[in-house]
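S.K.: Provided below are the primary sequence and the corresponding predicted coordinates.
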Amino acid sequence: DTEVTQTPKHLVMGMTNKKSLKCEQHMGHRAMYWYKQKAKKPPELMFVYSYEKLSINESVPSRFSPECPNSSLLNLHLHALQPEDSALYLCASSLPGQRIEKLFFGSGTQLSVL
Amino acid sequence: EDKVVQSPLSLVVHEGDTVTLNCSYEVTNFRSLLWYKQEKKAPTFLFMLTSSGIEKKSGRLSSILDKKELFSILNITATQTGDSAIYLCAAYNNNDMRFGAGTRLTVKP
């Protein structure tokens, strides 16, 4: 299994809703990432978990709340989002601590906030 | 401030043409330079470069890194319509992967 699986693929939510994005991998990777990508822009790093601990939080607003329940799962909890948060949210994983790093990306969740 | 700059931002060619995509970087604690192809959703991995002057090849694609001048190029020969995509380069340090803005390549029949 060399895949990173993200669900849902598409999500439409109102500004008062609470929703969660899910990401799963079974490659034994111990680093997992959330990226946000606006249209025609590069992916921007949001969070990094290394060995299930949050190691990087790139000044992301608190309305985005990550969670890493175990080494295979990564969630992103969403609450009170704004329309400008509409974007493609990409999850990725890698083997941390290796000399050579390579990210494996999921197919993303296309999020629309109304 | 760390940055990765790609050029051109957009490129339109015809099938059979050869293209060269450029990526320059200024990243502290640089470890590797990666190229990804993004067609619809997930970026897919193409190459990872860690040493200068060693060309990596995969079919019609090749890439090389110059750690002295801080840049990399991605070459695509005999382009096909299926090569149409956004090509992202990313510089990895000890903490994260910093992406360039990408080059949007369109290959016309």
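M.R.: Perfect, thanks for sending it.
S.K.: the residue in chain B that chain A sits nearest to - nearest residue in space that isn't next to it in sequence?
M.R.: The nearest approach of chain B to chain A comes at B:F99, 3.7 Å away (Cβ to the nearest Cβ). Where C-beta positions appear, they are placed from N, C-alpha and C, glycine not excepted. Spatially, and ignoring its direct neighbours in sequence, B:F99 is nearest to A:P42 (3.7 Å; Cβ to Cβ, 6 or more residues apart in numbering or on different chains).
S.K.: just to check, that neighbour is in contact with B:R104?
M.R.: No: using Cβ atoms under 8 Å as the test, A:P42 is too far from B:R104 to be in contact (11.6 Å).
S.K.: tell me which of the two has more neighbours.
M.R.: A:P42 (21 against 16; other Cβ atoms under 10 Å in any protein chain shown).
S.K.: with only the CA atoms kept, save the helix or strand hosting B:L21 in PDB.
M.R.: Using DSSP states H and E, B:L21 sits in strand B:19-26. Taking Å, rounded to 0.1, in the frame of the first residue of the first chain, the C-alpha atoms of strand B:19-26 are listed here in PDB:
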ATOM      1  CA  VAL B  19      11.100  22.400 -22.600                       C
ATOM      2  CA  THR B  20      13.300  23.500 -19.700                       C
ATOM      3  CA  LEU B  21      11.700  24.500 -16.400                       C
ATOM      4  CA  ASN B  22      13.800  26.400 -13.900                       C
ATOM      5  CA  CYS B  23      13.900  26.500 -10.100                       C
ATOM      6  CA  SER B  24      16.100  28.600  -7.900                       C
ATOM      7  CA  TYR B  25      16.100  28.400  -4.100                       C
ATOM      8  CA  GLU B  26      17.400  30.100  -1.000                       C
END
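S.K.: any idea how far that strand is from the chain center?
M.R.: 6 Å (Cα atoms, centre = their mean, to the nearest Å).
S.K.: so what does that strand touch, helix or strand wise?
M.R.: Where contact means 3 or more Cβ pairs under 8 Å, 6 or more residues apart in numbering or on different chains; DSSP states H and E, strand B:19-26 is packed against strand B:3-7, strand B:10-14, strand B:32-38, strand B:71-76, strand B:85-92, strand B:103-108.
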